[in-house]
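> Task: produce atomic coordinates for the following.
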Amino acid sequence: MKNLYKYICIIVVAFIFTACEDEDTLRIPKDFGEGPNVRINVDPENSFINIGDINNTKIAYDLFSESKNLRTIELQVIYSTGGTPVDTTVVKTYTQADIDAANGALIGESVTSQDLATAFGIDLADIAGGDAFVFNNFTTLDNGIVYPSETVDGNLNVTPNIVNSSNTSSFTSTFTAYAGCPSPVDEIEGVYTASIVTYNSAGNPPFGLPTTSTREDVTITWVGPEPFRYRVSSHDAGWWGRPDITATEGGPADFFDICGAIIMQPVGSFGFGGAVDDGGGTYNSTTGVITMNWYNSFNDIYGDVTYTPQD
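As a prediction, the model looks like this:
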């Protein structure tokens, strides 16, 4: 009788747990679709078009993937000259068979300057300093879904969470190769007085703070590996370092000197968001004055900075 009572209790308890099971867990699919894993690591020393040695220039990279459901990986390139996009074409295509044959690691891949010229129907001599080649990775899965995005019947099919800044990112969506002139390192490296004017999109002082700041003894040094990459010790002229707000200033930032055009590289700043180049930056080879313009969209701050060489 005791055994019968024990069995009845077990059945009752099992029934209670079954009855209380969350119905939502029953609706979770067991067969999840797999997004693509396509990581592209660009060789810093071969990440730009060297106008001074254009016949031997190449964009070199390694491509990694653990995926087994890829139809194609297309490197689509947008060619811009004078800041204006001219044309778009696919310069490289890979398949799952290519990935499998390389055991998931295609090492030492490259696109030469001649490959780019041929793809866009131009001569090497037509590539000028300041031109840009934006490489976009469009990966198509076996089921037809395209990453990073595809529009189907007017609707966005998929937009995954993509990070491009890290060599360990699972998916690299884009990178840019600039055509650069030899940069006058000896002239640009030095000590500067930096001044900034800040404003928001309405033209008003951000956060009600003063719109100007000046900082002396700001340094600019060449850091490479590109022959036109520099680092400035303060991209905000000390504007953010106010004791009534925070003890932290915007800090250093890298920038490119692309044939006299100054292009600041993205940098985290002010605790939230990040500052990105806003266009129009210049280097005056006669006066040595450098201007840099950036925008922090999270805080809605525009910063126009001028760097004047200190004697």
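> so where is the stretch 201-311 of the chain shaky, pLDDT-wise?
Within the stretch 201-311 of the chain, the ranges that satisfy pLDDT under 70 run 241-249, 271-272.
> residue ranges of the strands in it, please?
Here the stretch 201-311 of the chain has its strands, by DSSP state E, counting those that start in this stretch, at 212-222, 229-232, 253-258, 261-264, 267-268, 274-277, 281-283, 290-296, 301-309.
> looking at the ones you listed, which is closest to Asn103?
Ranking those by proximity to Asn103 (Cβ to Cβ) places strand 229-232 first, at 33.4 Å. No exception for glycine: its C-beta is placed from N, CA and C like everyone else's.
> Can you show me the helices along the stretch 51-200 of the chain?
With DSSP state H, counting those that start in this stretch applied, the stretch 51-200 of the chain shows helices at 96-101, 113-119, 185-188, listed in chain order.
> Buried ones in the last one, by neighbour count?
Buried positions in helix 185-188, judged by neighbour count with 16 or more other Cβ atoms under 10 Å: Ile188.
> Quick one: residues in contact with that helix.
Outside of helix 185-188, the residues within contact range by Cβ atoms under 8 Å, 6 or more residues apart in numbering are Ile220, Trp222, Pro227, Tyr230, Asp257, Tyr283, Ser285, Gly288, Ile290.
> To what extent is the closest residue to the last one other than its chain neighbours buried, counted in neighbours?
Read it as Ile290. Excluding the flanking residues, the one nearest Ile290 by Cβ to Cβ, 6 or more residues apart in numbering is Tyr307, at 4.2 Å. Tyr307: 27 surrounding residues under other Cβ atoms under 10 Å.
> Same question for Asp311.
Look at Asp311: counted by other Cβ under 10 Å, it has 4 neighbours.
> follow-up on the earlier one: who wins for proximity to Tyr79 among the strands of the stretch 201-311 of the chain?
strand 253-258 (15.1 Å).
> Need the pLDDT of Asp22.
At Asp22, the predicted lDDT confidence score is 45.
> ugh, wrong one, Lys2
In the prediction, the pLDDT value recorded for Lys2 is 46.
> pretty sure Asp110 is in contact with Lys58, am I right?
Actually, residue 110 is Ser. It isn't Asp. Yes. Ser110 lies in contact with Lys58 (Cβ atoms under 8 Å); the separation is 4.4 Å.
> shared neighbours of those two, which are they?
Here Ser110 and Lys58 have Asn46 as joint contacts, going by Cβ under 8 Å, 6+ apart.
> Neighbour count: those two, which is higher?
Lys58 (19 against 13).
> rewinding a little: would you reformat the helices of the stretch 51-200 of the chain as a markdown table and include mean pLDDT and distance to Tyr295?
Converted to a markdown table, the helices of the stretch 51-200 of the chain look like this (pLDDT from 0 to 100; distance: least, Cβ to Cβ, whole Å):
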| stretch | mean pLDDT | distance to Tyr295 |
| --- | --- | --- |
| helix 96-101 | 97 | 39 |
| helix 113-119 | 96 | 30 |
| helix 185-188 | 96 | 23 |
